[in-house]
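A.B. asks: Structure for the following, please:
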Amino acid sequence: MTKAANTSDVIILGAGMIGLTQALTLAAHGLSVAIVDRADSADLVNPGKDARVSAINSASWNMMEAIGLADQLAPHGCDIDKILVNDGLKPGKLDFTPKDEEGPLGVMVENAILRRVLFEAAQAHDAIALHMSSQVAHCERAEHHVDVTLEDGPILSAALLIAADGRGSRMREEAGIIMAHWQYDHNAIICKVSHERPHGNTAYELFYPSGPFAILPMRDDDNGLHRSAIVWTVSRKDGPALAQINRRAFEAELMKKSGGFLGQIKLITDRATYPLGFHHSSHLTADRLVLIGDAGHGIHPIAGQGLNLGLRDVAALTECLVDGARTGLDLGDAQILARYDRWRSLDNLMVSAATDILTRLFGLPGETSSAIRRMGIGIVQRIPPLKAQFMAEAKGETGDLPKLLMGELV
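C.D. replies: Numbers count the residues shown, from 1 in each chain. Below is the predicted model of the structure:
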């Protein structure tokens, strides 16, 4: 397919990290893709538009290696060699440290860098046509094809429509897919900080009744400044105020929450706040339509698995479509879509439910609740097989893994 053609194998709505990765995995297997997004290209790759960082677990990193992007991301990433979990600053901790031969638990990458690398790779690929700054005027999912009419005139045709258009997915709504959803009484405050002492490639997750406080390792800057990302979950009513207090007062609050084990902390970016919620779709497919990433599910960031859950969708859908294409099936065939729905629905539900339970469990106030949590942390710490299972979950290496998550093309 040439970049000017309006017919492709699939159409993807959404040029976020999940949509772009999906396009690249499909293109790596010889399928042609059209991507539509209302964002301007310059805004999409503007580092000032997204201060967040993401933990790409080891299974998801395998997929980046398989599609040839790991070498571009590695110079910007920071390996996660250890995860340390604690109930606030109280005695007793749970640490996840893989053996040397197992490699890191994952890699921390700034969202802006990940999005830029993905976008530039998609731009350079002959099998991917990008339609940026484009709004969908009309979408028709007919018996044998999908037609997407853009507001500026072009009509795109394909066998399948993939919705990667986020939590407020228009395509999910138009398909009438039922979604369970609720808001947590939480806001997340996101920022980046410098600190006196090196983090030792350790991700810290400190649980407080008001919400988890995460310190996520980042690569030192060019001047050797030690850096980390903060994801601080606070009550919804406190979020705006904490994000607006003066810099010195905010840094003092960070020191209080962290206990000062990294030395003096300095804020090096603006603070952003995000409301936190949960949503889970009853189905991930409809006639010639598939949901991936946040279009199908959204979870609390308590375990840092939101992006990885979407990347598992990408890997599974790629395998379903490539296998279907090789057997001569129409890419929108009900058999292909049913396989994807079965494969991903249960895993998504289990992870979503687990993060919701964790959020509620660690949010219970009082010394009794704290004592129970510390007892649970201690039990996991002292039982190697149980600890190994939790570590495998963190690495994304459990369940029925698609080939891409094992580092292999389909």
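
A.B. asks: how about the helices in the stretch 1-150 of the chain?
C.D. replies: Secondary structure of the stretch 1-150 of the chain (DSSP state H, counting those that start in this stretch): helices at 17-27, 41-44, 58-66, 70-73, 111-124.

A.B. asks: closest one to Leu404 among those helices?
C.D. replies: For those, proximity to Leu404 was assessed by Cβ to Cβ; helix 58-66 is nearest, at 4.4 Å. In short, each C-beta sits where N, CA and C put it, glycine included.

A.B. asks: and the closest one, average pLDDT?
C.D. replies: For helix 58-66, mean pLDDT is 97.

A.B. asks: got the angle for it vs helix 111-124?
C.D. replies: Here the directions of helix 58-66 and helix 111-124 differ by 30 degrees (axes from the mean of the first three to the mean of the last three Cα atoms, to 10 degrees).

A.B. asks: could you say what helices and strands helix 58-66 packs with?
C.D. replies: With contacts taken as 3 or more Cβ pairs under 8 Å, 6 or more residues apart in numbering; DSSP states H and E, helix 58-66 sits against helix 70-73, strand 106-110, helix 306-326.

A.B. asks: Residue ranges in the stretch 1-150 of the chain under the pLDDT threshold?
C.D. replies: 1-5 (pLDDT under 70).

A.B. asks: check contacts around the spatially closest residue to Ala338 that is not a sequence neighbour.
C.D. replies: Among residues not flanking Ala338 along the chain, Thr285 sits closest, at 7.3 Å (Cβ to Cβ, 6 or more residues apart in numbering). Counting by Cβ atoms under 8 Å, 6 or more residues apart in numbering, Thr285 makes contact with Leu291, Leu337, Ala338, Tyr340, Asp341.

A.B. asks: out of those residues, who's nearest Ser60?
C.D. replies: Tyr340 (17.9 Å).

A.B. asks: and that closest one, which of the three is it?
C.D. replies: Here Tyr340 is helix, with the state taken from DSSP: H, G, I helix; E, B strand; the rest coil.

A.B. asks: Could you shift the numbering so residue one becomes 39, and keep it that way?
C.D. replies: Renumbered: residue one is now 39, and that last one reads Tyr378.

A.B. asks: Count the residues that sit near it.
C.D. replies: The tally of other residues near Tyr378 (other Cβ atoms under 10 Å) stands at 23.

A.B. asks: measure it to Trp99 for me?
C.D. replies: 23 Å (Cβ to Cβ, to the nearest Å).

A.B. asks: hang on, isn't His237 packed against Ile268?
C.D. replies: No. With contact defined as Cβ atoms under 8 Å, His237 does not count as touching Ile268 (11.9 Å).

A.B. asks: Quickly list what's touching both of these two.
C.D. replies: Common contact partners of His237 and Ile268 (Cβ under 8 Å, 6+ apart): Ile253.

A.B. asks: Next, Asn284: phi, psi?
C.D. replies: Main-chain torsions, Asn284, degrees, to the nearest 10: phi -60, psi 160.

A.B. asks: what's the neighbour count on it?
C.D. replies: 8.

A.B. asks: How about Gly86, nearest residue that isn't a chain neighbour?
C.D. replies: Ala150 (8.0 Å).

A.B. asks: Let me see the contact set for that neighbour.
C.D. replies: The neighbours of Ala150, taking Cβ under 8 Å, 6+ apart as the test, are Val83, Asn84, Pro85, Gly86, Lys87, Asp88, Ala89.

A.B. asks: returning to what we had before: tell me which of the helices of the stretch 39-188 of the chain lies nearest to Phe134.
C.D. replies: Comparison of those against Phe134 by Cβ to Cβ identifies helix 96-104 as nearest, at 12.0 Å.

A.B. asks: next one: that closest one to chain centre, how far?
C.D. replies: Between the mean C-alpha location of helix 96-104 and the chain-wide mean there is a distance of 14 Å, by Cα atoms, centre = their mean, to the nearest Å.

A.B. asks: Direction-wise, compare it with helix 55-65 and give the angle.
C.D. replies: For helix 96-104 against helix 55-65, the angle by the same axes, to 10 degrees is 50 degrees.

A.B. asks: For the contacts of Thr323, pick the one with the most neighbours.
C.D. replies: Neighbour tally across the contacts of Thr323 (other Cβ under 10 Å): the maximum, 28 neighbours, falls on Leu329.

A.B. asks: ok so, going back, report the buried members of the contacts of Ala150.
C.D. replies: Buried by 16 or more other Cβ atoms under 10 Å: Val83, Asp88, Ala89, out of the contacts of Ala150.

A.B. asks: Chain neighbours aside, what residue packs nearest to the first one?
C.D. replies: Closest residue to Val83 in three dimensions, ignoring its sequence neighbours and counting by Cβ to Cβ, 6+ apart: Arg154, at 4.4 Å.

A.B. asks: Now for the contacts of Thr323: which two are most distant?
C.D. replies: Top of the distance list for the contacts of Thr323 (Cβ to Cβ): Leu329 and Ala376, 13.9 Å.

A.B. asks: list the contacts for the closest residue to Glu103 other than its chain neighbours?
C.D. replies: Ranked by Cβ to Cβ, 6+ apart and with sequence neighbours excluded, the top spatial neighbour of Glu103 is Gly445, at 5.5 Å. Neighbour list for Gly445: Asn100, Met101, Glu103, Ala104 [criterion: Cβ under 8 Å, 6+ apart].

A.B. asks: Wait, a helix at Ala279?
C.D. replies: Yes. Per three-state DSSP, Ala279 lies within a helix segment.

A.B. asks: ok, and Leu244, which helix or strand is that part of?
C.D. replies: In the assignment (DSSP states H and E), Leu244 maps to strand 240-246.

A.B. asks: In the sheet, which strands lie alongside that strand, parallel or antiparallel?
C.D. replies: strand 120-124 (parallel), strand 249-256 (antiparallel) (DSSP bridges).

A.B. asks: I appreciate the help and will end here.
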